[in-house]
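Peer 1: Structure for this input, please:
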Amino acid sequence: MGYVNAWWLYLIVGVVFAYVLLQSTVFLIKARQKALALDFTKEQINKTMIASAVFSIAPSLAILIGLITLARVFGPMLAGMRLATLGAVTYELPAAINVITAFGQQIGDLLAIDVIITALWVMTLGCIPPLLIIPLFFKRMSMGLDKIKEKDSTWKNIMMDALFLGMISAFVGYVLARKPIRDVDGVVIDTYFSWLSVLVLLTSAALIVVFGIIIKKYKQEWLRNYALPLSMVIAMSLAILFASMGVR
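Peer 2: I've put the predicted structure just below:
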């Protein structure tokens, strides 16, 4: 798989990273100038910047774990570009795995170039709808939700919760689905139920509940931004422990 580490690939991805960093820097400077124009003090601005940087560390850890896994498929540069620009770890990994398994292979196998290109196209096309929906339809959708809220404020919360549970259900179905067992030629010869996936799911759910109780009962509001990534990181770490105990 030397082609995923070719020098020209590093050059292309480097240009993308440079553009993203330049864009971030420009917006940071403009935001700082606007804050000063609104009579915010330099101390307030610096404190906000430091707090934002600190609170970005924990979510980055979860992304780093996804990056390590995705790097086994696309190499470090392509995986880094996906997760550092448009991609989300909760979407990129399942999309890549689905494509790879459709070709009769699995993560860790030596992949042909057509498999990798197909996976990248699937992941890229999957990112396009949100980029179109937000600028074209978000205002209309938001106005529709506001009208529903004016009639009955409880319905808006119910709809948002239903949408969230629907998204979670898709991932739960992915976890509970039976996994294929393939022979050396990649042909499915049997399936098995993954207790390891279920244990990781239950562990992460239990952790997020514990963090929620800590936030609510002990007023630890700083934990609100860290609860989700911490539950992911701890659950992933426990997955290694479960696997070493023979759970599959």
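Peer 1: Determine the longest helix present in this structure.
Peer 2: In the chain, with assignment by DSSP state H, the single longest helix is helix 113-151.
Peer 1: buried stuff in that one?
Peer 2: Within helix 113-151, the residues scored as buried using 16 or more other Cβ atoms under 10 Å are V115, I116, T118, A119, L120, M123, G126, C127. In this view, the C-beta of every residue, glycine as well, is placed from N, C-alpha and C.
Peer 1: tell me the centre residue of the chain?
Peer 2: Central residue of the chain (Cα atoms, centre = their mean): V89, 2.7 Å from the mean position.
Peer 1: how about the strands of this protein, start to end?
Peer 2: Remark: strands assigned in the chain by DSSP state E are 179-182, 188-192.
Peer 1: Please identify the most buried of those.
Peer 2: Comparing the strands of the chain by mean neighbour count (mean count of other Cβ atoms under 10 Å), strand 179-182 ranks first with a mean of 14.
Peer 1: distance between it and the chain's centre?
Peer 2: How far strand 179-182 lies from its chain's middle: 25 Å, per Cα atoms, centre = their mean, to the nearest Å.
Peer 1: Among the buried residues of helix 113-151, which one lies nearest to E43?
Peer 2: Ranked by distance to E43 (Cβ to Cβ), the buried residues of helix 113-151 are led by C127 at 38.8 Å.
Peer 1: Against K139, how distant is the closest one?
Peer 2: 21 Å (Cβ to Cβ, to the nearest Å).
Peer 1: And for V99?
Peer 2: From V99 across to K139, the span is 34 Å (Cβ to Cβ).
Peer 1: repeat for K216
Peer 2: Separation of K216 from K139 (Cβ to Cβ): 34 Å.
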